[in-house]
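1. this is the structure alone, sequence omitted:
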């Protein structure tokens with residue numbers, strides 16, 4: 001029994017190290033891995049990490065690059081992440097939201113610090129077409145913000161290195177609202193992500209839902225891959241379906257939430273589509289007593305419009321943080 005428990009513990013630590021290496025995209029040594037794990041609440045010393053890396057090398061999950069550069073994932077290592085214990089993946093989405101919200105340090109007054117972003121990888125040859133497909137969605141305000149960042153092959157967006165023949169686009173993630181509210185003492189309860197139907201240019205109801213607390217995948221990626229959106233149609237005609245998320249806040253926090261949202265808009269970050277009244281349903285979603293329901297736009301809606309146009313995209317939703325000052329208005333890319 002004790003042996004089985006030990007094996008499971010070792011496997012979890014190995015999966016955690018694999019995820020750190022996967023998120024990095026560059027070779028990492030034990031010291032950097034230890035620091036990255038600590039950011040995720042996992043305390044593991046360098047000596048223990050070297051022990052686990054040796055086990056991983058023997059299993060063909062990692063390989064050493066040079067003497068000092070550290071390890072990188074092998075193809076088998078990537079497969080191992082995909083096949084990791086499902087029970088360890090359950091709640092991935094809500095855990096990611098909470099971690100990014102905690103790490104967000106954007107200062108509304110000074111307009112400095114980091115904001116959470118999604119990263120999307122486009123084929124280099126089709127990036128121009130992708131920008132044109134996304135332009136109406138950005139203009140219609142269907143994303144969280146028009147602020148973006150672009151990186152080419154070998155460059156970095158947050159902690160993600162852009163691979164060969166790809167162009168990376170960072171879009172502001174709705175978790176920025178969680179993070180900024182957390183810093184002013186407002187707890188925001190993230191309930192679910194879904195597909196929101198529009199009619200006559202107004203949000204009508206959710207037609208598909210994925211609860212965050214039981215989800216082992218990024219809901220946005222699920223919706224985009226399944227081609228469940230019609231973002232371009234909503235941007236042009238006011239009819240169709242987009243991605244949105246549903247959150248709740250305690251009713252007494254309403255004044256400070258409204259003030260914070262106003263300051264975010266001044267900084268070029270929107271994302272709040274609708275805020276209901278106290279205990280009132282929002283887009284047919286029931287709200288508990290003394291709670292207020294809020295619908296946030298999904299930052300990947302413009303990217304979904306590119307997928308609707310037939311452009312291949314690889315998305316890393318809620319993937320990393322970027323300095324606010326490194327973001328530019330998407331209009332500058334589309335001139």
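-> That came through fine. All of these numbers come straight from a predicted model, not from anything done at the bench.
2. any idea how far stretch 230-248 is from the chain center?
-> Relative to its chain's centre, stretch 230-248 lies at 18 Å (C-alpha atoms, centre = their mean, to the nearest Å).
3. with stretch 155-173 instead?
-> Worked out by C-alpha atoms, centre = their mean, stretch 155-173 lies 13 Å from the chain centre.
4. tell me the mean pLDDT over it?
-> Stretch 155-173 shows a mean pLDDT of 91.
5. what does stretch 319-335 give?
-> Averaging pLDDT along stretch 319-335 gives 91.
6. and it, end to end?
-> Counting by C-alpha to C-alpha, to the nearest Å, you get 28 Å between the two ends of stretch 319-335.
7. look at residue 115 and give its secondary structure.
-> Recorded secondary structure, residue 115: strand (DSSP: H, G, I helix; E, B strand; the rest coil).
8. domains in the chain, by residue range?
-> Using automatic domain parsing, the domain ranges for the chain come out as 2-88, 90-335.
9. give me whichever of those domains is most buried.
-> Most buried of those by mean neighbour count (mean count of other C-beta atoms under 10 Å) is domain 90-335; its value is a mean of 19. Quick note: C-beta positions are derived from backbone N, CA and C, even for glycine.
10. ranges for the strands of the stretch 101-250 of the chain?
-> Remark: strands assigned in the stretch 101-250 of the chain by DSSP state E, counting those that start in this stretch are 114-123, 147-151, 156-157, 160-161, 166-172, 189-199, 202-211, 240-250.
11. give me the angle between the fifth one and strand 147-151.
-> Here strand 166-172 runs at 160 degrees with respect to strand 147-151, directions being taken by axes from the mean of the first three to the mean of the last three C-alpha atoms, to 10 degrees.
12. which strands and helices lie in contact with strand 166-172?
-> Contacts defined by 3 or more C-beta pairs under 8 Å, 6 or more residues apart in numbering; DSSP states H and E place strand 166-172 against strand 114-123, strand 147-151, helix 301-308.
13. with mean pLDDT and distance to residue 188 as extra columns, can I get those in TSV?
-> Shown next, in TSV, are the helices and strands packed on strand 166-172 (pLDDT from 0 to 100; distance: least, C-beta to C-beta, whole Å):
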stretch	mean pLDDT	distance to residue 188
strand 114-123	95	13
strand 147-151	97	21
helix 301-308	97	20
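14. and the ones you listed as JSON lines, adding distance to residue 204?
-> Converted to JSON lines, the helices and strands packed on strand 166-172 look like this (distance: least, C-beta to C-beta, whole Å):
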{"stretch": "strand 114-123", "distance to residue 204": "25"}
{"stretch": "strand 147-151", "distance to residue 204": "28"}
{"stretch": "helix 301-308", "distance to residue 204": "16"}
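15. right, and residue 267 touches residue 108 too?
-> Yes: using C-beta atoms under 8 Å, residue 267 is in contact with residue 108, at 6.5 Å.
16. returning to what we had before: closest to residue 224 out of the strands of the stretch 101-250 of the chain?
-> For residue 224, the closest of the strands of the stretch 101-250 of the chain is strand 240-250, at 7.8 Å, according to C-beta to C-beta.
17. can you tell me the element the closest residue to residue 60 other than its chain neighbours falls in?
-> The spatial neighbour of residue 60 that comes closest, neighbours along the chain excluded (C-beta to C-beta, 6 or more residues apart in numbering), is residue 76 at 4.8 Å. Using DSSP states H and E, residue 76 maps to helix 75-82.
18. distance of residue 326 relative to residue 172?
-> According to C-beta to C-beta, to the nearest Å, residue 326 and residue 172 sit 12 Å apart.
19. make that residue 302, sorry
-> On the measure of C-beta to C-beta, residue 302 and residue 172 end up 11 Å apart.
20. from the chain's centre, how far out does stretch 228-242 sit?
-> The chain centroid and the centroid of stretch 228-242 are separated by 22 Å, computed with C-alpha atoms, centre = their mean.
21. please compute how far stretch 50-59 lies from its chain's middle.
-> Using C-alpha atoms, centre = their mean, the offset of stretch 50-59 from its chain centre is 30 Å.
22. do the same with stretch 176-195
-> Worked out by C-alpha atoms, centre = their mean, stretch 176-195 lies 13 Å from the chain centre.
23. and it, how far apart are its ends?
-> End-to-end distance of stretch 176-195 (C-alpha to C-alpha): 20 Å.
24. may I have the beta-bridge partners of residue 117?
-> When bridges are called by DSSP bridges, residue 117 pairs up with residue 172, residue 320.
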